[in-house]
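Chemist: below is the structure, and that's it, no one-letter string:
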Ligand SMILES: CC(=O)N[C@H]1[C@@H](OP(=O)(O)OP(=O)(O)OC[C@H]2O[C@@H](n3ccc(=O)[nH]c3=O)[C@H](O)[C@@H]2O)O[C@H](CO)[C@@H](O)[C@@H]1O
Ligand SMILES: C=C(OP(=O)(O)O)C(=O)O
């Protein structure tokens, strides 16, 4: 391994020198630090295939160019995990804060941002409209400096279309431009997800949007402002965030009712407070925002840890019946999930609570214990926070599959997510789709390895990967971009716990 890394490092060094670049120049292009490049070149750092491909591309050097094309995983199981792992900061706060940084004419520094594809797409979009973004170090601190005038005409439509989060540009942009276009929002294929709630929340700020070919055409009437509370028709997370961002630059007080109080909304509220915006009612369904017509401050903010990643790691431990310690779990956003798991017979220890770097969110370390699980008596269903998180529901499919008895999941939220859970059957699961919203899982399962193409939805794709860890033999999971949208180095981090997951690409 060391030999291999040294050879790769030497190749990279000579390719870099051939281009006449310094380590710092290569680091800048790769959005990493000079010291990281130095370590790679000396063979002192593991280099993922993803990174090799990026270096190959940057240096335009066929020796290390291993072709584009989808990335796949090869998993050898069954695995027992051990050791400890830290939960990273959340995708959903990360993307909200990137959009919110457009409110600030000063410099925003976000600490320990999850370095995931969803964030990369938004950074591409921000860069394309003239925002200067820069990864500062290996802790993934990210600096964002908007220009005096945004170049909305130059927007990278391809990157924008690959993320749904682009919809959250509406709230900040309506104050900066009277007329602009945004490409249609993309993201996971979970059935129809309307943008109408966003438009009705922003209409009181003078925004009108027409869907034209492939893009939203936004027109803003100046001096229109909310005259009464904005009542959201759904308690959606990104809708709430859009309304908050529009209210932040509105010179007056805006009341938002039926607001989501979910984790990413709380992170956004704390960031807005750092910007000097008044936000009352954080954690409740009524938010009162006292906006400022111009925000120009240099701020730092540390988004909190991801409750969905924490749940994913809990599920990894449960499906492999492993004892691991999961550090920095945002417990206040996982309490119901844990209560349901306890009813199913799950045993674990938890540390004293401590506070996240944002100074607000409560964290604990959880240590999983060998457990004998049985199906819950009642169906498991999600609710807006403080209910069981909709994005955590899919993990109960793989957990239900290792429990004795029949577990019923009711996903009333998404038209098209439950169906992907039946992919577990390729690995030996017994998952029956009762209707588009309900699945019945019959456990326990004797998992056996298989080849599966990632479903086009992040959480179900991770659920398949976790089942593969427990499956006997070799499994292949194809086209894992959808996982990399929301998880940083998941395969690598599971390997540090003892999993055997290799990343590979088709040779072009
Ligand atoms: C970037 C981000 O933060 N994404 C999250 C956000 O997406 P996002 O905020 O985009 O979620 P949507 O607004 O699309 O809501 C998801 C679905 O739930 C339905 N709905 C939602 C709320 C409600 O009170 N009633 C209702 O029916 C919507 O119609 C939609 O079909 O919230 C979703 C639901 O928590 C999460 O899965 C996503 O991970
Ligand atoms: C549905 C999800 O995210 P997005 O809203 O980014 O598609 C998710 O995080 O599971």
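Modeler: Thanks, I have the structure now. All values reported here derive from a predicted model rather than from experimental measurement. Residues are numbered from 1 along each chain as shown. Ligands and ions are numbered 1, 2, ... in the order given.

Chemist: for the host helix or strand of residue 342, buried residues please.
Modeler: Here residue 342 sits within helix 335-343, counting by DSSP states H and E. Residues of helix 335-343 classed as buried by neighbour count (16 or more other Cβ atoms under 10 Å): 336-338, 340-341. Any C-beta I mention is one placed from the backbone N, CA and C, and that applies to glycine too.

Chemist: ok, now stretch 316-324?
Modeler: For stretch 316-324, by 16+ other Cβ under 10 Å, it's 316-324.

Chemist: please apply the same query to stretch 150-159.
Modeler: Quick answer for stretch 150-159 (16+ other Cβ under 10 Å): 150, 152, 155-157, 159.

Chemist: before we move on, what about stretch 19-28?
Modeler: In stretch 19-28, counting by 16+ other Cβ under 10 Å, buried: 21, 23, 26-28.

Chemist: also stretch 422-440?
Modeler: Neighbour counts over stretch 422-440 (16+ other Cβ under 10 Å) mark 422-424, 426-429, 431, 437-440 as buried.

Chemist: got the buried residues for the lowest-mean-pLDDT helix or strand in the chain?
Modeler: Lowest by mean pLDDT, DSSP states H and E among the helices and strands of the chain is helix 49-59, with a mean of 79. Buried residues in helix 49-59, counted by 16+ other Cβ under 10 Å: 50, 52-56, 58-59.

Chemist: can you put those in TSV and add distance to ligand 1?
Modeler: As requested, the buried residues of helix 49-59 are exported to TSV (distance: Cβ to the nearest ligand atom, whole Å):
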residue	distance to ligand 1
50	22
52	30
53	26
54	25
55	30
56	31
58	29
59	34
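
Chemist: which one of those sits closest to residue 464?
Modeler: Closest approach between those and residue 464, by Cβ to Cβ: residue 50, at 19.8 Å.

Chemist: how about the residue nearest to residue 134 when sequence neighbours are not counted, phi and psi?
Modeler: Excluding its sequence neighbours, the residue lying closest to residue 134 (Cβ to Cβ, 6 or more residues apart in numbering) is residue 143, at 4.7 Å. Main-chain dihedrals, residue 143, degrees, to the nearest 10: phi -110, psi 140.

Chemist: which of the buried residues of stretch 150-159 sits closest to residue 177?
Modeler: Closest approach between those and residue 177, by Cβ to Cβ: residue 152, at 6.1 Å.

Chemist: so the residue nearest to that closest one when sequence neighbours are not counted: helix, strand or coil?
Modeler: Distances taken as Cβ to Cβ, 6+ apart put residue 180 closest to residue 152, at 4.7 Å, once the chain neighbours are dropped. At residue 180 the chain is in strand, as set by DSSP: H, G, I helix; E, B strand; the rest coil.

Chemist: for residue 180, which residues are in contact?
Modeler: 152, 173, 218 (Cβ atoms under 8 Å, 6 or more residues apart in numbering).

Chemist: as a markdown table, these with distance to ligand 1, secondary structure and pLDDT would be great.
Modeler: Converted to a markdown table, the contacts of residue 180 look like this (distance: Cβ to the nearest ligand atom, whole Å; DSSP: H, G, I helix; E, B strand; the rest coil; pLDDT from 0 to 100):
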| residue | distance to ligand 1 | secondary structure | pLDDT |
| --- | --- | --- | --- |
| 152 | 21 | helix | 92 |
| 173 | 17 | helix | 96 |
| 218 | 18 | strand | 93 |
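
Chemist: redo those as JSON lines? Include distance to residue 203.
Modeler: Output for the contacts of residue 180, formatted as JSON lines (distance: Cβ to Cβ, whole Å):
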{"residue": "152", "distance to residue 203": "21"}
{"residue": "173", "distance to residue 203": "15"}
{"residue": "218", "distance to residue 203": "11"}
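
Chemist: distance to ligand 2 added to those, as a markdown table?
Modeler: Formatted as a markdown table, these follow (distance: Cβ to the nearest ligand atom, whole Å):
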| residue | distance to ligand 2 |
| --- | --- |
| 152 | 22 |
| 173 | 19 |
| 218 | 21 |
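
Chemist: do a quick rundown of the helices in the stretch 101-250 of the chain.
Modeler: Ranges of helices in the stretch 101-250 of the chain, per DSSP state H, counting those that start in this stretch, are 117-128, 157-161, 170-173, 196-202, 237-248.

Chemist: looking at those, which is closest to residue 459?
Modeler: So among these, helix 117-128 is nearest, using Cβ to Cβ, at 13.3 Å.

Chemist: can you tell if that closest one touches ligand 1?
Modeler: No - Helix 117-128 does not reach ligand 1 (Cβ under 6 Å from any ligand atom); its nearest approach is 7.8 Å.
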